[in-house]
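>>> Provide a 3D model corresponding to the input given below.
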Amino acid sequence: MGVNMFPIIRFIGLTILMFVAQILAFPLVPIAVALADGSGRLPKWLRWLETHDALGWGAGTYEPAIKKIYDKYGKRIALIVWLWRNRAYTLRQQFRYTPDYATMQQDSFGIDVPPKWGFFHWYGKLTDKNGSVFEYMPGVGLGKFHLYSRIGWKLKPYFKGERPDGMGATGMFIGISLRSDDWDDFPPGSV
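Below is the predicted model of the structure:
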C-alpha cells in the first residue's frame, strides 16, 4: 500500500502560491488602493488582495492600530497597511477548508495553552468525506511572549467547537506563517 502524495503536493503547491502572492502584495497593494473606487473596493483583477470580510475604506478600523493610522494618515494609508497586514487574504480564503460536519472527524495532540517558557506544539487534523487537512503550531514561550508558526489551514477554532459561517479566517489556508502573541487559547482540558 503506497502513500497518497496528493495532500503533500497540494500543501507544498499552495504554500508556494501563497508565498508568491504575499510577496506581490507589497508592491501591488499601493497601486490597487490608488485605483480603488469610491467605496474603497479594489479593481476586480486585484480583489484577491482584499479582506473579503472587511472591505473598502475603513476596513480593519475596529482594530485600534488601524483606527489610529486611519485617523492620523487617512483612509488610503490605513487601507494599505490593513492589506499589507492581511496579504492576499481573499486568495487564501479561496482554498479554505469548510467541513462537512456530518462526517467530520477530529484528531489532535499537543498543548492547547502554551507555557510561559519553553518549547510547545499543537497539531490538529480534520477529516471528512472530502479528505483531510491539518494545522501544526510549533513554538517557544519566551516569558512575556511566544514565537511560533501556523502551518496548514486555520483549524484550531473548530477544535474549540466553533462552527463559523465561512466569512472569517477559520478554515483559511495559511501555508507557513510565523507568528507571535496571538495564540488562540483553549480552555484548559478542552482538546
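>>> can you tell me which residues contact Y101?
With contacts defined as CB atoms under 8 Å, 6 or more residues apart in numbering, Y101 is in contact with R163. Quick note: C-beta positions are derived from backbone N, CA and C, even for glycine.
>>> Quick one: mean pLDDT for the longest helix anywhere in the chain?
Looking across the chain with DSSP state H, the single longest helix is helix 6-34. When pLDDT is averaged along helix 6-34, the result is 93.
>>> For the protein, just list every one of the helices.
Going by DSSP H, the chain shows helices at 6-34, 64-73, 75-85, 89-93, 156-159.
>>> quick one: which of the ones you listed is nearest H121?
Closest to H121 of the helices of the chain is helix 156-159 (CB to CB; 12.4 Å).
>>> how distant is the closest one from the center of its chain?
13 Å (CA atoms, centre = their mean, to the nearest Å).
>>> which residues touch D107?
G124, K125, L126, T127.
>>> Kindly apply the preceding question to R10 instead.
Per CB under 8 Å, 6+ apart, neighbours of R10: none.
>>> Next one: it relative to G171, how far apart?
Distance of R10 to G171, given as CB to CB, to the nearest Å: 15 Å.
>>> Quickly list the domain ranges of the protein.
6-93, 105-180 (automatic domain parsing).
>>> okay, the closest residue to L155 other than its chain neighbours: pLDDT?
Leaving aside its sequence neighbours, L155 sits nearest to E135 (CB to CB, 6 or more residues apart in numbering; 4.1 Å). At E135, the pLDDT value in this model is 93.
>>> how far away is E135 from D71?
Taken as CB to CB, the span from E135 to D71 is 35 Å.
>>> repeat for A65
In terms of CB to CB, A65 sits 11 Å off from D71.
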